[in-house]
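K.L.:
quick one, fold the following:
(one chain, ligands or ions: 2)
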Amino acid sequence: MLTYYSEKQALHAPLRELNNGEWMDFAESTDRIGSILAAIGDVKTPDDYGEAPLLAVHDPDYLSFLNSAHQNWLTQGRTGDAIGYTYPVRRRRKLDIQRIDGQLGLYGFDAATPIASGTFEASYWGAQTALSALDAIASDGEDMAFALCRPPGHHAGRDYCGGYCYFNNAAIVANRARQSGLGPVAVLDVDYHHGNGTQDIFYQDGEVFFASIHADPVMDYPYFWGHADEKGENEGEGATLNLPLPRGTTWSSYEVALGRALEAISTFGARFLVISYGADTFDGDPISHFALQTEDMQRIGAAVAALNLPTLAVMEGGYKIEALGDNVSAFLAGLESG
Ligand code: Q9C
Ligand code: ZN
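P.N.:
Ligands and ions are numbered 1, 2, ... in the order given. So this is what the prediction gives:
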């Protein structure tokens, strides 16, 4: 599989996150990439498409915040990674607060998404990785490509980070594919967690279909999005499909949801597919609770490939590092078998 990755993506290396009220080692660690590279072999270095494609999805003030947050943190006398602790709730205004703690609350929604010294640069190159994979399909005639994005992207919205995500790589390429006339575009999100950022970005947009199979947010992060009755709004009404599944889900019920998502994508008339691939549906993932096996990853890839659409896969989560490379390569083998 044609795969893109930049070494600069490893510049993002926070130390720890707040998990269930305790500090733990940052689960979205740089070691994830080592496991994947060891299993998949050669990767290509991405080109630089600049900030414009990022700004087509994210707000300029959010980019400025991300670019300066860690420096502001240090300037305001802090050490280590920048982490917020106070969040504006419903109906608070978007005030222009200069204090870093206020900004971290304004532009983020959880304490699991630290901003370290290399976060902006690594996330920037993660997005370039996705854009390069898109260009391979759009301009070089490839019918599929894999963007080894890290940090992941699907929890990031237009003006917020969260869930280890800063730039929404899937949304950036889905939007650019649509603008290049490759649409209608569908995004299929198979990460364990609901892709709230991607959903938010396209919620009122009838040109990009968003389908997600994920842990029921009644039980799992991100709680406030991903419920089955969220179906899109205005022009986007009917162009969002949420298929929450219970903890403990195995292939037999996962397959049914996947079939429904793929059928909806066909019915929508998609001509280009972005897949947000997370391996955190794997049995034994340290922060997740489905029970898919490595061979099921291949089945997901093969089922997606049967749609016969130009397909760009972007990496999202997956935290069982010893199994991560095998899971990603099984998924890619499934995609290629189609
Ligand atoms: N106690 C992705 O997989 N922490 N992000 C959950 C559960 C955040 C996952 C805490 C998980 C974010 C891309
Ligand atoms: Zn996840």
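K.L.:
just checking, residue 272 touches residue 175?
P.N.:
No - Residue 272 is beyond contact range of residue 175, at 11.4 Å (criterion: C-beta atoms under 8 Å). For glycine as for every other residue, the C-beta is placed from the backbone atoms N, C-alpha and C.
K.L.:
nearest to ligand 1 within the protein, name that residue for me.
P.N.:
residue 317 (2.4 Å; C-beta to the nearest ligand atom).
K.L.:
is it true that that residue touches residue 152?
P.N.:
Yes - with contacts counted by C-beta under 8 Å, residue 317 reaches residue 152, the gap being 5.7 Å.
K.L.:
looking at the two, which has the bigger crowd around it?
P.N.:
residue 152 (32 against 26; other C-beta atoms under 10 Å).
K.L.:
now the more buried one, nearest residue through space, not along the chain?
P.N.:
Closest residue in space to residue 152, ignoring its immediate chain neighbours: residue 316 at 4.3 Å, by C-beta to C-beta, 6 or more residues apart in numbering.
K.L.:
what is the burial count for that neighbour?
P.N.:
Neighbour count for residue 316, taken as other C-beta under 10 Å: 31.
K.L.:
and residue 144, what does it touch?
P.N.:
Residue 144 is in contact with 1-2, 137, 305, 310-313, 335-336, counting by C-beta atoms under 8 Å, 6 or more residues apart in numbering.
K.L.:
and it, bridged to which residues?
P.N.:
Beta-bridge partners recorded for residue 144 (DSSP bridges): residue 311.
K.L.:
mind checking the SS state of the residue in the stretch 51-200 of the chain positioned nearest to ligand 2?
P.N.:
At 3.6 Å from ligand 2, residue 193 is the closest residue in the stretch 51-200 of the chain, using C-beta to the ion. State at residue 193, reduced to three classes by DSSP: H, G, I helix; E, B strand; the rest coil: coil.
K.L.:
next: residue 242.
P.N.:
strand.
K.L.:
that one bridge partners, please.
P.N.:
Here residue 242, judged by DSSP bridges, has bridge partners residue 212.
K.L.:
neighbours of it, how many?
P.N.:
24.
K.L.:
from residue 264, how far out is it?
P.N.:
11 Å (C-beta to C-beta, to the nearest Å).
K.L.:
residue 99 contacts residue 76, doesn't it?
P.N.:
Yes - Residue 99 is in contact with residue 76 according to C-beta under 8 Å; the separation is 7.2 Å.
K.L.:
for the residue of the chain closest to ligand 1, what are its contacts?
P.N.:
Taking C-beta under 8 Å, 6+ apart, one finds 28, 152, 164, 191-193, 278-280, 288 in contact with residue 317.
K.L.:
recalculate using a threshold of 10 Å.
P.N.:
Residue 317 sits next to 27-28, 32, 152, 154-155, 163-165, 191-193, 276-281, 285, 287-288, 324 when contact means C-beta atoms under 10 Å, 6 or more residues apart in numbering.
K.L.:
about what we covered before: check the gap between the residue nearest to residue 152 and residue 252 for me.
P.N.:
Relative to residue 252, and taking C-beta to C-beta, residue 316 is found at 23 Å.
K.L.:
can you confirm residue 275 is in a strand?
P.N.:
Yes - under three-state DSSP, residue 275 falls within a strand.
K.L.:
give me the distance between residue 338 and ligand 2.
P.N.:
Distance of residue 338 to ligand 2, computed by C-beta to the ion, to the nearest Å: 24 Å.
K.L.:
count of residues packed around that residue?
P.N.:
Neighbours of residue 338 (other C-beta under 10 Å): 16.
K.L.:
for the closest residue to it other than its chain neighbours, grab phi and psi.
P.N.:
Spatial nearest neighbour of residue 338, excluding adjacent residues (C-beta to C-beta, 6+ apart): residue 305 at 1.9 Å. With angles defined as degrees, to the nearest 10, residue 305 sits at phi -60, psi -30.
K.L.:
what sits against residue 305?
P.N.:
Contacts of residue 305 by C-beta under 10 Å, 6+ apart are 143-144, 273, 311, 334-338.
K.L.:
just the buried residues from those, in ChimeraX please.
P.N.:
Selection of buried members from the contacts of residue 305 for ChimeraX, criterion 16 or more other C-beta atoms under 10 Å:
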select :144,273,311,334,335,338
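K.L.:
which of the contacts of residue 305 has the weakest pLDDT?
P.N.:
The lowest pLDDT within the contacts of residue 305 belongs to residue 338, with 74.
K.L.:
list the residues that contact that one.
P.N.:
Counting by C-beta under 10 Å, 6+ apart, residue 338 touches 143-144, 301-309, 311.
K.L.:
try it again with 7 Å
P.N.:
Counting by C-beta atoms under 7 Å, 6 or more residues apart in numbering, residue 338 makes contact with 302, 305-306.
K.L.:
nearest to residue 238, of those?
P.N.:
residue 306 (23.6 Å; C-beta to C-beta).
K.L.:
quick one, grab the pLDDT at that closest one.
P.N.:
Reading off the model, residue 306 has pLDDT 98.
K.L.:
grab the nearest non-local neighbour of it.
P.N.:
In space, residue 306 is closest to residue 338, 5.4 Å off (C-beta to C-beta, 6+ apart).
K.L.:
fine by me, we can end here.
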